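*Asks:* have a look at this fold, sequence not included:
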Ligand SMILES: CC(=O)N[C@H]1[C@@H](OP(=O)(O)OP(=O)(O)OC[C@H]2O[C@@H](n3ccc(=O)[nH]c3=O)[C@H](O)[C@@H]2O)O[C@H](CO)[C@@H](O)[C@@H]1O[C@H](C)C(=O)N[C@@H](C)C(=O)N[C@H](CCC(=O)O)C(=O)O
Ligand SMILES: Nc1ncnc2c1ncn2[C@@H]1O[C@H](COP(=O)(O)OP(=O)(O)OP(=O)(O)O)[C@@H](O)[C@H]1O
């Protein structure tokens with residue numbers, strides 16, 4: 001790309017050395033720099049990218065964007081000095097990629113719980129409708145069926161723009177993105193032109209980062225504010241009005257907002273909700289008329305997720321019949337109340353609940369189908385070195401289960417004892433065990449289970465690892481549970 005055009009979007013303090021006519025690439029990681037490329041030095045939470053300039057130059061960087069004074073050979077590289085390199089990359093990345101989000105319908109999904117579920121449901125319904133679509137988030141970057149790993153729910157601004165460009169170049173007509181509050185506050189969505197913004201709900205989480213619920217809610221509101229002011233475009237907000245924050249999100253944008261809910265008046269309202277052990281149905285009142293909706297996803301929370309999907313795809317212009325046909329056949333997102341296939345006389349779910357509200361919702365999804373004589377066993381852990389305020393509240397919600405196993409979920413550098421004692425403080429009854437080692441905790445849950453019981457392993461969801469110290473070790477709640485069950489009941493795994 002022409003260097004002059006690329007840098008004309010930046011407020012530049014000074015340039016040292018001579019800028020080349022063109023640059024080949026742009027990178028924020030010295031290890032990803034290509035010959036003739038631009039390296040932008042980011043001051044991170046762990047290290048300062050300025051320290052990696054020599055490595056970037058070794059890899060062929062031709063231009064460095066920095067905010068601290070550098071000592072480099074100005075015959076070899078040019079240095080562009082700016083006040084704030086994080087803001088600089090937010091301007092440079094979409095420009096370098098030619099603003100690829102403008103080439104697709106972009107749907108952003110934010111909220112404490114349901115982002116992965118709603119995003120993947122949208123992707124699956126679009127796929128069922130014959131559209132080529134992409135989705136990014138906690139599970140990874142799914143480009144029309146091909147899954148790439150991602151580090152974050154919402155990737156850094158450069159990776160985000162690269163993924164959007166990849167999806168647009170591959171001919172996707174829609175891209176759905178999970179939008180985290182961290183991502184919004186840190187500007188990772190800069191330059192991403194959303195057409196539809198969805199808000200699911202807001203409840204206690206991430207207060208280690210945001211400090212207060214007010215800040216956390218404000219962060220989510222940025223997605224709606226960032227829809228912009230070009231009212232000639234057909235953009236929409238989609239909000240859950242059963243959540244008080246949904247009403248506030250409406251105020252954050254001038255674009256039309258479609259509301260959804262079960263209890264309050266809404267554009268898309270579910271009525272006569274019927275929840276069974278393996279399916280959900282409801283009557284939908286909508287601007288397009290009344291419809292009977294049926295799906296295999298379980299739990300009331302999935303009614304909300306379905307309403308968000310229906311409203312967003314209606315806003316996008318899909319026929320209601322097409323949307324509902326897709327909803328009827330799609331599976332749940334990986335690790336979201338996912339039933340483990342087994343011949344055991346037990347019912348086992350793997351779930352990703354790790355906020356107090358999600359824990360409550362996950363338990364409520366199965367409680368009505370539990371036999372009075374059987375138990376619901378709930379295994380829950382929290383991460384080390386992260387939001388500690390939520391720990392007792394998580395255990396308080398988990399106490400709705402008959403038996404609770406308190407454990408860890410990526411303990412990182414924190415001792416088992418502090419995690420467990422802070423969880424334990426919230427327990428409401430004495431039917432529980434505290435076991436720091438997650439593998440042992442899973443085995444214990446199976447060991448106390450009797451025929452007919454239900455076990456929910458919460459917190460890990462789709463993840464196949466446990467982070468202990470700095471190491472990411474392989475871990476699967478489902479595999480350990482089935483192995484233990486095989487010992488106890490003489491069967492577990494289904495012969496393939
Ligand atoms: C606290 C936080 O936001 N950290 C993010 C941040 O890491 P960091 O600041 O530590 O980065 P760093 O390692 O100091 O690196 C600084 C710079 O040096 C560069 N570098 C580094 C090494 C090298 O050899 N060469 C080099 O150039 C790096 O590429 C980077 O540009 O930048 C990284 C790259 O973008 C992110 O992966 C990382 O997310 C970490 C993994 C994280 O845990 N983030 C959480 C808080 C988060 O963002 N969570 C939300 C959602 C959660 C939810 O809803 O559940 C999310 O969206 O994921
Ligand atoms: N709409 C919802 N309301 C409340 N809880 C939900 C909802 N949808 C899903 N859940 C519960 O929350 C858990 C996490 O769901 P999901 O992964 O979709 O949320 P998320 O917002 O993507 O979470 P994260 O930000 O941690 O990636 C699920 O496993 C389920 O137990």
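*Replies:* Nice, thanks for sending it over. This one's a predicted model, so the numbers in the text were calculated from it and none came from an experiment. Ligands and ions are numbered 1, 2, ... in the order given.
*Asks:* wasn't residue 313 part of a helix?
*Replies:* Yes. The assignment for residue 313 by DSSP: H, G, I helix; E, B strand; the rest coil puts it in a helix.
*Asks:* you'd agree it is up against residue 324?
*Replies:* No. If you go by C-beta atoms under 8 Å, residue 313 and residue 324 don't touch, sitting 9.8 Å apart. In this view, the C-beta of every residue, glycine as well, is placed from N, C-alpha and C.
*Asks:* neighbours of the closest residue to ligand 1 within the stretch 1-150 of the chain, just the number please.
*Replies:* Proximity of the stretch 1-150 of the chain to ligand 1 (C-beta to the nearest ligand atom) peaks at residue 44, 2.1 Å away. Using other C-beta atoms under 10 Å, the number of residues around residue 44 comes to 11.
*Asks:* same check on residue 142?
*Replies:* Neighbours of residue 142 (other C-beta under 10 Å): 22.
*Asks:* in what helix or strand does the closest residue to it other than its chain neighbours lie?
*Replies:* Closest residue in space to residue 142, ignoring its immediate chain neighbours: residue 135 at 4.9 Å, by C-beta to C-beta, 6 or more residues apart in numbering. Assessed by DSSP states H and E, residue 135 sits inside strand 133-137.
*Asks:* what's the average pLDDT for the helix or strand following that strand?
*Replies:* Per DSSP H and E, the first helix or strand lying C-terminal to strand 133-137 is strand 140-143. Across strand 140-143, pLDDT averages out at 96.
*Asks:* is strand 140-143 up against ligand 1 anywhere?
*Replies:* No. Against ligand 1, strand 140-143 shows no contacts by C-beta under 6 Å from any ligand atom, the least distance being 12.1 Å.
*Asks:* run me through the strand neighbours of the helix or strand just after that strand, direction for each.
*Replies:* Going down the chain from strand 140-143, the next helix or strand is strand 146-148, by DSSP H and E. Strand 146-148 has the following strand partners under DSSP bridges: strand 140-143 (antiparallel).
*Asks:* just how off-centre is the strand it pairs with within its chain?
*Replies:* 12 Å (C-alpha atoms, centre = their mean, to the nearest Å).
*Asks:* hang on, residue 482 in a helix?
*Replies:* Yes. Using three-state DSSP, the assignment for residue 482 is a helix.
*Asks:* thinking it is in contact with residue 340, fair?
*Replies:* Yes. With contact defined as C-beta under 8 Å, residue 482 counts as touching residue 340 (7.1 Å).
*Asks:* and the strand holding residue 135, what's its mean pLDDT?
*Replies:* 97.
*Asks:* just checking, what packs against it?
*Replies:* Under the contact definition 3 or more C-beta pairs under 8 Å, 6 or more residues apart in numbering; DSSP states H and E, strand 133-137 sits against helix 115-128, strand 140-143, helix 157-169, strand 174-178.
*Asks:* report the residue ranges of every domain in the protein.
*Replies:* The chain breaks down by automatic domain parsing into domains covering 3-96, 100-328, 338-489.
*Asks:* continuing past the helix or strand harbouring residue 328, what's the next helix or strand?
*Replies:* According to DSSP H and E, residue 328 maps onto helix 320-329. Per DSSP H and E, the first helix or strand lying C-terminal to helix 320-329 is strand 338-339.
*Asks:* now tell me what touches stretch 2-15 from outside.
*Replies:* 19-23, 38, 63, 65, 78-83, 88, 91-92, 95-96 (C-beta atoms under 8 Å, 6 or more residues apart in numbering).
*Asks:* and stretch 281-297, by the same measure?
*Replies:* Against stretch 281-297 from outside (C-beta under 8 Å, 6+ apart): 121, 258, 267-274, 278-280, 302-303, 305-307, 310-311, 314, 320, 324, 327-332, 337.
*Asks:* how far does that stretch sit from its chain's centre?
*Replies:* 26 Å.
*Asks:* check which residues of it are buried.
*Replies:* If you call a residue buried by 16 or more other C-beta atoms under 10 Å, then stretch 281-297 has these buried ones: 281-282, 284-286, 293, 295, 297.
*Asks:* and it, end to end?
*Replies:* For stretch 281-297, the first and last residues are 9 Å from each other (C-alpha to C-alpha, to the nearest Å).
*Asks:* where does the closest residue to residue 340 other than its chain neighbours land in three-state SS?
*Replies:* Sequence neighbours aside, residue 348 is the residue nearest to residue 340 in space, at 4.2 Å (criterion: C-beta to C-beta, 6+ apart). At residue 348, secondary structure determined by three-state DSSP is strand.
*Asks:* lowest average confidence, helix or strand, in this protein?
*Replies:* helix 207-210 (a mean of 72; mean pLDDT, DSSP states H and E).
*Asks:* ok, residues contacting that one?
*Replies:* 181-182, 185, 213, 216, 219, 386-390.
*Asks:* now the buried members of these.
*Replies:* Applying 16+ other C-beta under 10 Å to the contacts of helix 207-210 flags 181, 185, 216, 219, 386-388, 390 as buried.
*Asks:* out of those, which one has the weakest pLDDT?
*Replies:* residue 387 (79).
*Asks:* and the residue lying closest to that one once chain neighbours are set aside, how far from residue 181?
*Replies:* Leaving aside its chain neighbours, residue 387 sits nearest to residue 208 (4.2 Å; criterion: C-beta to C-beta, 6+ apart). To residue 181, residue 208 is 12 Å away according to C-beta to C-beta, to the nearest Å.
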